[in-house]
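In: below are the sequence and a predicted model for it; my questions follow.
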Amino acid sequence: MSETIRPVLAGRRALVVGVANDSSIAYGCAKAFRTAGADLAITWLNEKARRFVEPLADDLGAAIKAPLDVSVPGEMEALFETIRGTWGRLDILVHSIAFAPKEDLTGGLLNCSAEGFAKAMDISCHSFVRMAKLAAPLMTEGGTMFAMSYYGANRVVPNYNVMGPVKAALEASGRYLAHELGPQGIRVHAISPGPLKTRAASGLKDFETLLAEAAEKAPVGELVDIMDVGYTCAYLATPFARRVTGGTVYVDGGANIVA
Ligand code: NAD
């Protein structure tokens with residue numbers, strides 16, 4: 001498909017947070033933005049992750065490469081300072097990260113500890129609010145922000161457990177941020193991809209069953225891939241979508257409409 005993509009994001013600057021490897025949804029976003037002509041800033045979680053992420057960032061010609069663990073005080077501020085110093089501006093932000101302690105994720109919501117719930121909420125949801133706060137002043141020509149959600153935000157998906165309430169909070173945060181940032185020309189989208197075989201997904205029990213059910217349920221009759229998610233974000237970042245904000249955009253082959 002890439003041959004047919006026009007450089008509709010040429011000159012746009014995109015920060016993509018959440019690349020762990022070439023299966024990551026964030027990698028699909030980064031690749032789609034690059035194909036559409038954008039410049040990239042790409043982060044890795046820590047030194048262990050760096051050796052997997054940096055070669056992918058180099059392949060995509062990322063202008064900015066930096067560490068970001070949202071639970072490390074000061075690291076997010078340092079990243080945005082680098083972006084301000086290098087680009088002076090930002091147009092696109094992708095938050096594609098999630099975490100819950102394994103013992104709090106796997107035992108059902110009833111058995112999720114207060115600490116585990118707070119940690120999952122902080123890394124998977126409130127970090128998006130913190131990022132939006134630092135990104136907004138750099139979006140001097142308007143901008144677009146994305147956070148990755150999932151169907152489990154709205155309907156019970158067995159084994160999704162604490163991540164259901166966390167993604168519900170993420171989608172609600174997106175709506176409030178869209179309301180607060182709209183006057184500055186900044187649009188905010190929750191993206192809800194269908195299930196994808198990634199490292200984060202491998203922590204979910206019976207994930208293979210979820211994949212099989214999603215493929216069967218989707219009107220288009222097949223699973224989505226990370227480029228489907230990336231191209232949707234690329235489209236939403238263009239002026240073609242300039243009056244679209246605050247909602248949850250499903251990239252799931254239509255599975256969410258089927259009972
Ligand atoms: P992934 O494992 O490739 O990406 C998860 C990312 O979260 C990793 O890059 C990891 O480094 C990052 N992360 C975890 N803790 C962090 C921290 N403290 N600071 C910074 N980064 C941190 O898996 P993925 O499936 O691409 O997940 C990306 C997003 O998509 C998540 O929000 C996930 O919930 C969401 N999502 C995934 C699916 C799916 O089926 N894979 C479906 C819908 C939504």
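Out: Received it, and whenever you're ready, just let me know what you need. Predicted model, so just to flag it, every value in this text is computed and none were measured.
In: residues touching stretch 77-95, excluding its own?
Out: With contact meaning CB atoms under 8 Å, 6 or more residues apart in numbering, stretch 77-95 is reached by 9, 12-18, 26, 29-30, 33, 38-39, 41, 43, 63-64, 66-68, 127-128, 131-132, 134-135, 138-148, 233, 237. The C-beta positions use only the backbone N, C-alpha and C, and glycine is treated the same way.
In: near the ligand at all, it?
Out: No. Contact between stretch 77-95 and the ligand is absent, the nearest approach being 7.5 Å (criterion: CB under 6 Å from any ligand atom).
In: got the residues of the stretch 1-150 of the chain near the ligand?
Out: Residues of the stretch 1-150 of the chain lying near the ligand (CB under 6 Å from any ligand atom): 18-20, 24-26, 45, 49, 68-71, 96-99, 123, 148, 150.
In: one more time with 8 Å
Out: By CB under 8 Å from any ligand atom, the residues of the stretch 1-150 of the chain that approach the ligand are 17-21, 23-27, 43-45, 49, 53, 68-72, 95-99, 123-124, 127, 147-150.
In: for this structure, what's the longest helix?
Out: Secondary structure of the chain per DSSP state H: the longest helix is helix 163-181.
In: which ones among the residues of the stretch 1-150 of the chain next to the ligand map onto helices?
Out: 25-27, 49, 53, 127.
In: need these in a markdown table with neighbour count, can you?
Out: A markdown table is the format used below for those (neighbours: other CB atoms under 10 Å):
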| residue | neighbour count |
| --- | --- |
| Ile25 | 30 |
| Ala26 | 28 |
| Tyr27 | 25 |
| Ala49 | 16 |
| Val53 | 24 |
| Ser127 | 23 |
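In: of the residues you listed, closest to Val244?
Out: For these, the closest approach to Val244 (CB to CB) belongs to Ile25, at 19.9 Å.
In: isn't the closest one right up against Ile226?
Out: Yes. Counting by CB atoms under 8 Å, Ile226 is a contact partner of Ile25 at 5.3 Å.
In: what do those two both touch?
Out: Joint contacts of Ile25 and Ile226 (CB under 8 Å, 6+ apart) are 196, 198.
In: helix, strand, or coil at Leu15?
Out: strand (DSSP: H, G, I helix; E, B strand; the rest coil).
In: neighbours of it, how many?
Out: Leu15: 27 surrounding residues under other CB atoms under 10 Å.
In: just checking, it touches Phe33?
Out: No. Leu15 lies out of contact with Phe33 (CB under 8 Å); the separation is 10.0 Å.
In: what is in contact with the two at once?
Out: Common neighbours of Leu15 and Phe33 (CB under 8 Å, 6+ apart) are 40, 92.
In: coming back round to it: dump the ones in helices among the residues of the stretch 1-150 of the chain next to the ligand into CSV; add pLDDT as well.
Out: CSV is the format used below for these (pLDDT from 0 to 100):
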residue, pLDDT
Ile25, 98
Ala26, 98
Tyr27, 98
Ala49, 98
Val53, 98
Ser127, 99
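In: can you tell me which two in those are farthest apart?
Out: Tyr27 and Ser127 (19.0 Å).
In: which parts of the stretch 151-259 of the chain sit against the ligand?
Out: 151, 163, 167, 170, 191-201, 204, 207, 210, 226.
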